[in-house]
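> Sharing a sequence plus its predicted fold:
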Amino acid sequence: MRPATLTALRSRRLASALTLGVALMLGLTGPAGAGEATTSALTSTEPLACTVTVPNGERLVDGTGNYAHVRPGDTICLQAGVRGELRLFNLSGTAERPGTVRNSGGSVEISASGAYAGIQIRNSSHLRVTGGGVEQQCGARFTEAEQRCGIRIAQSFNGLTGKVRTENLTVDHVEVGHVSSSGMGVYDKQLQRGEWVQRDIAFRDIYLHDIATEGHYHGSSDYVDGTSILLAGVEISRNLVVRTGRDGIQVGSAPWRCSISHNVVRDSGLNRESSHAFGIIVNRGAACDLEGNTISGSAGDGLYDQGLHGQRIVNNLVIRSGRFQAGTGINVSEGNQSPTNPETPDYPRSTRIWHNTIVTTTDRGIRLGNTAGKANHLSNNIVTGAAAGTLKLASGVTATRLGNVLQPTNPRFLAPAADDYRLQPSSPAATAGATVPVLTDLLSKPRPVMAPSAGAYQASP
């Protein structure tokens, strides 16, 4: 492969200094706080100066080969235009000086028919892959017609993959569509549990559509076999995921610091496979907080948790679950046992289901099967239009239940025909809630401590 140009080589040190200067000026070089999936430097929305530019004809960027001159803190820019597959191998920054791969001068379209992945990442760490180099209009905060993601992947087998000791990875402002397997998947099948823990992967402001299998598939679903590696630190936030053959978002074997929040997932499970029919699934060995997600039109359950439990399920809107089979809005199964957790030895096992709105299901509104939890909490939820009943506790399960507004009570939504499930001021749910530690609603609107609204939305006076 053609090495970087002599000009780029000579300018590397100057660009690196400028990059570090910008990071210091913006306060972006410190380590991440507790619960964050990546260093704060990886969350910057400011495009950094290019250290080197990869031409469209170059498919391999290898930090131990043709790009061995790339150092921590450098920014690798992708030339705008159409290219084939992109392989990012052996690129390692540091927590203080993460590396960046971004589009430059316009959007990058990766058309990779026949390739294993449009972008394949191997043996890389402290790396951000971003399509925010020009525009940042991508993900759940925009409609499909408004998407302007800077990197777009199509026609490959998978969209983006990360394998072989890849960790401390952030991906943002990337679109994947019309691929024949999963949209994005980061997990390592070559190593055994105990050899390595995969740490800190984050996926923000991403648009996945028309995906043959899972939209997101991170971590192994084979946790119970005792061999798959574990993930510590997973964040999936502000993603728009539409029209997937299997689950919209799936995370497994992630027992520590996992958050799935503020995503929009529509029309999942279109392949009609009964065990792959969920909007969002927390799979075996995972304990992920689920907050502020909007799920509609799932083939089966909207939110399905068969993991370790001990999480918060808060401010989610789940509508029209069970498109092709019996579907519950929120289904927490019996789950499985927790591993030894050196980071949080007193592992919480109880499930807190607070301030969710469930509308129209072909089965239950909410089912709770967490027998391990001795302080389960199921409060301040709205359930209406559930074909088989509102709340179901499995045998042996106990839970505090307060402030729920359940059918046949009419919650008086603002405009349900237009999928607007905010509350009218006169709604019986407007002040029905009990006091729980949830300070904002689905739209980040503050909630009062006393008598908050039930459901995902806080009513206006």
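Noted; the coordinates are in hand. Numbering: from 1, shown residues only.

> Distance-wise, check the spatially closest residue to residue 272 that is not a sequence neighbour relative to residue 174.
Once flanking residues are discounted, residue 272 sits nearest to residue 324: 5.0 Å by CB to CB, 6 or more residues apart in numbering. Backbone N, C-alpha and C define where each C-beta goes, glycine included. Applying CB to CB, to the nearest Å, the value for residue 324 to residue 174 is 29 Å.

> Tell me where the model's unsure across the protein.
Where the chain drops to pLDDT under 70, the residues are 1-47, 336-348.

> One more pass at 50, please.
Low-confidence segments of the chain, defined by pLDDT under 50: 1-44, 340-346.

> Which residue ranges make up the domains of it?
Using automatic domain parsing, the domain ranges for the chain come out as 1-212, 228-461.

> Deepest-packed of those domains, please.
Mean neighbours per residue, mean count of other CB atoms under 10 Å, is largest over the domains of the chain for domain 228-461, with a mean of 21.

> so the residue nearest to residue 457 when sequence neighbours are not counted is in which element?
In this structure, residue 457 finds its nearest non-sequential neighbour in residue 422, 4.5 Å apart by CB to CB, 6+ apart. Taking DSSP states H and E as the definition, residue 422 sits inside strand 420-423.

> Spit out the contact partners of the residue nearest to residue 457.
By CB atoms under 8 Å, 6 or more residues apart in numbering, residue 422 lies in contact with 413-414, 457, 459-460.

> partner residues bridging residue 186?
residue 162 (DSSP bridges).

> Contact partners for it?
Contacts for residue 186 (CB under 8 Å, 6+ apart) come out as 121, 161-163, 166, 169, 198, 201, 218.

> Run the chain-centre distance for the strand of greatest length in the chain.
With residue count as the measure and DSSP state E as the assignment, the chain has strand 99-111 as its longest strand. Here the centre of mass of C-alpha atoms in strand 99-111, compared against the chain's by CA atoms, centre = their mean, to the nearest Å, lies 21 Å away.

> for that strand, packing partners?
In terms of contacts (3 or more CB pairs under 8 Å, 6 or more residues apart in numbering; DSSP states H and E), strand 99-111 is packed against strand 75-83, strand 125-130, strand 151-154.

> Ramachandran coordinates for residue 298?
Note on residue 298: backbone dihedrals following degrees, to the nearest 10 are phi -70, psi 150.

> Can you name the residues that contact the nearest residue to residue 261 once chain neighbours are set aside?
Distances taken as CB to CB, 6+ apart place residue 291 nearest to residue 261, at 4.5 Å, with adjacent residues excluded. Contacts for residue 291 (CB under 8 Å, 6+ apart) come out as 259-262, 312-316.

> ok, back up a step: neighbouring strands for the strand holding residue 422, and are they parallel or not?
Partners of strand 420-423 in the sheet, by DSSP bridges, are strand 413-415 (antiparallel).

> Pick out whichever of the contacts of residue 186 sits closest to residue 409.
Nearest to residue 409, judged by CB to CB, of those is residue 218 at 38.6 Å.

> how about the helices and strands packed on strand 99-111 in TSV, adding distance to residue 210?
TSV is the format used below for the helices and strands packed on strand 99-111 (distance: least, CB to CB, whole Å):
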stretch	distance to residue 210
strand 75-83	19
strand 125-130	21
strand 151-154	9
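
> can you tell which of those strands is closest to residue 436?
Residue 436 lies closest, by CB to CB, to one member of the helices and strands packed on strand 99-111: strand 125-130, at 35.5 Å.

> then the closest one to CSV, C-alphas only?
The C-alpha trace of strand 125-130 is given here as CSV (Å, rounded to 0.1, in the frame of the first residue of the first chain):
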residue,chain,number,x,y,z
SER,A,125,-7.5,1.0,21.2
HIS,A,126,-8.2,4.5,22.4
LEU,A,127,-9.6,5.3,18.9
ARG,A,128,-12.5,7.3,17.7
VAL,A,129,-14.1,6.7,14.3
THR,A,130,-16.4,9.6,13.4
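
> please renumber so the chain begins at 556
New numbering, starting at 556: the last item is strand 680-685.

> Does anything pack onto that strand? Which helices or strands?
Counting by 3+ CB pairs under 8 Å, 6+ apart, strand 680-685 packs on strand 654-666, strand 672-677, strand 722-727.

> Partner strands of the last one, with direction?
Here strand 722-727 has these sheet partners by DSSP bridges: strand 680-685 (parallel), strand 752-759 (parallel).

> I'd like those as TSV, with distance to residue 910 appended.
Formatted as TSV, the strands paired with strand 722-727 follow (distance: least, CB to CB, whole Å):
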stretch	distance to residue 910
strand 680-685	32
strand 752-759	23
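
> nearest to residue 993, of the ones you listed?
When these are compared by CB to CB, strand 752-759 sits nearest residue 993, at 22.5 Å.
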